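Undergrad: fold the following and give me the result.
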Amino acid sequence: MEDVTQNGKSNTDSKPDEEAAPQTTAQSSEGGHTPDPDPTGASLPLDPESTVVPRPLSRPGKLRGFEFWRETLNSARYVVAPMVDQSELAWRVLSRRHGAELCYTPMFHAMTFSRDAWYRRENLHTDQSDEPLIVQFCANDPETILAAAKHTESQCVAVDINLGCPQSIAKRGHYGAFLMSEWDLIAKMVEILDVNLSVPVTCKIRIFPTVEETCKYARMLEAAGCSLLTVHGRRREQKGIYTGLADWAHIKAVKEYVSIPVFANGNIQYLSDVKKCISDTGVDGVMTAEGNLHNPALFDGVNPPAWEMSDEYLELVHQFPCPLSYVRGHLFKMWYHTFQIERFFSFREMLAKARSVDDCREAMKLLKEKCLEDQSAGLIDLTSNNLPHWCCQPFVRPNPDRSEGGTDTPKQVKRRREKESREVVDEEGNTFTLSKSKFKKFHKVQKKQVERNFRKFEKCVGCGNPKGQRCSWERCKACCKMKCYKEILDCIGHRYQFLTRAKNKQQTNNTTTTNT
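TA: Okay, here's the model as predicted:
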């Protein structure tokens, strides 16, 4: 997802030469990929066991490529990305009101979607105001994704295959960006949808380390039947704190290499970034995810007060209900910068504990009143974007670990942090780094020194174990009891009263004798 703006990042990778490009669309045998389909448009052979009958490539009424983009999508340039649990109907309608021209549904799991009617009813919602709409699926089996897509082709203008999700859940589920090395499987999924659906198939991908491999990957998808391609200009490893900048050079190269519409994704925070991306890469549209979550009016080119957007969104939630977790997530995003200020922590907690949409609405009302009070009192906290904190604005993800050449890899970060942990300071205040073996010895010495500083107990005069701290005879509990029993003594510390009980018994006996 987008987090920082493009900053003139250079890329030394050369663009692929169209004339010198191979006539196959998968990687060469050196890259470990099998030969790819004919880029002229011949269909891929389906699985021999498949029951799906291929249809002719030219199907009346089905538009592809630029015809699909111009006539069905109305040449859409401003696109809201598919976002799990966050691009639901209410949010899509809000985004369309503020400049979005095309929206995607959240990513659906093809296997669950194809088998579970309840899952379909609860997750796929649309409306006449929600057009054009593309439905996205993740899958790793051609027949499964086809079965799922068949349930949606009457409710959308295209079906998208998620080939870009880099999260660990995608790795466990074997989908998204973790299919990037399985070109044959991807080609079969694309073609089986293109052959059997009445709507086009689109794909969303991430880039490879080299421009050449990324372009070959894009050409393979085009040959398999992809009608529109979205390129997220980050590698699979770029996520979380290692997100970094998206590489627009890859996107530009792909745009020049294929003959289908291309959308760019990455580095979009303001409308000016959208225009710059289109100008620099030549793409046909720009997709944004995180930028849209923090400012749903991004495509309008404004930064409205967060209470305006949150109130409008809550009204849409009343019209198009969705899970409360979605609502809280959107409100936290729009009010992110406000919730970083200490005097607003109570409002953040109020929203976190909300148990209904009405609770969220009440929290937003109080938050708005507090912001207006601060504004009238001249108490305005500016963010790093030089905007008041209550304005919808992008979130710039902090990047604490950077090298001279750019963002460090996770291994480099781990190695540097481990080295920093071996830094010690001598008596003169000088800092130096010990080797691993010396640091281990140093740590043992320090540990022993700490152990020496522990509280020491005096020993029992009888057995050598620690004595009781208040024992009258400087013994441990067992030795004290034995001494007091044998010698008929009392011990205040251990509360032994052998002497006292003996005296009381003697006094009782004397009283009894006198009475007799």
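Undergrad: thought Thr338 was touching Trp390, still the case?
TA: Yes. Shown here, Trp390 and Thr338 form a contact pair, counting by C-beta atoms under 8 Å, at 5.6 Å. (Each C-beta comes from the backbone N, C-alpha and C, glycine too.)
Undergrad: shared neighbours, these two?
TA: Here Trp390 and Thr338 have Ala306, Cys371 as joint contacts, going by C-beta atoms under 8 Å, 6 or more residues apart in numbering.
Undergrad: Lys483 against Cys463, yeah?
TA: No. Applying C-beta under 8 Å, one finds Lys483 not in contact with Cys463, separated by 11.5 Å.
Undergrad: looking at these two, which one has more neighbours?
TA: More crowded of Lys483 and Cys463, by other C-beta atoms under 10 Å: Lys483, with 19 against 11.
Undergrad: the more buried one: what's it in contact with?
TA: Lys483 touches Gly462, Trp473, Arg475, Leu489, counting by C-beta under 8 Å, 6+ apart.
Undergrad: give the buried residues for the strand or helix carrying it.
TA: Using DSSP states H and E, the element containing Lys483 is helix 477-487. Burial within helix 477-487, assessed by neighbour count using 16 or more other C-beta atoms under 10 Å, is assigned to Lys477, Cys479, Cys480, Lys483, Cys484.
Undergrad: list just the nearest of those to Phe439.
TA: Lys477 (43.0 Å; C-beta to C-beta).
Undergrad: residues in contact with the closest one?
TA: Counting by C-beta under 8 Å, 6+ apart, Lys477 touches Gly468, Cys471, His494.
Undergrad: circling back to that earlier point, looking at Trp390 and Thr338, which has the bigger crowd around it?
TA: Per other C-beta under 10 Å, whichever of Trp390 and Thr338 has more neighbours is Trp390, with 28 against 23.
Undergrad: tell me the spacing between the more buried one and Glu290.
TA: 19 Å (C-beta to C-beta, to the nearest Å).
Undergrad: do the same with Pro394
TA: 8 Å.
Undergrad: which one of these two is surrounded by more residues?
TA: Using other C-beta under 10 Å as the criterion, Pro394 and Glu290 rank with Pro394 on top: 28 against 22.
Undergrad: once you drop chain neighbours, what's closest to Tyr78?
TA: Sequence neighbours aside, Phe299 is the residue nearest to Tyr78 in space, at 4.3 Å (criterion: C-beta to C-beta, 6 or more residues apart in numbering).
Undergrad: secondary structure class of the one you found, three-state.
TA: helix (DSSP: H, G, I helix; E, B strand; the rest coil).
Undergrad: that one: neighbouring residues, count only.
TA: When neighbours are counted by other C-beta under 10 Å, Phe299 comes out with 24.
Undergrad: I'd say it and Gly99 touch.
TA: Yes. In this structure, Phe299 is within contact of Gly99 by C-beta under 8 Å, at 2.8 Å.
Undergrad: between the two, what contacts are shared?
TA: Tyr78.
Undergrad: low-confidence stretches in the stretch 301-450 of the chain?
TA: Scanning the stretch 301-450 of the chain for pLDDT under 70 picks out the ranges 398-414, 426-429, 446-450.
Undergrad: ok, which stretches of it are helices?
TA: 306-319, 324-334, 345-352, 357-376, 410-420, 436-452 (DSSP state H, counting those that start in this stretch).
Undergrad: so can I have CSV of the ones you listed showing distance to Val201?
TA: Listed next are these as CSV, based on distance: least, C-beta to C-beta, whole Å:
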stretch, distance to Val201
helix 306-319, 30
helix 324-334, 27
helix 345-352, 40
helix 357-376, 36
helix 410-420, 34
helix 436-452, 53
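Undergrad: Leu293 is in what secondary structure piece?
TA: Counting by DSSP H and E, Leu293 is part of helix 290-294.
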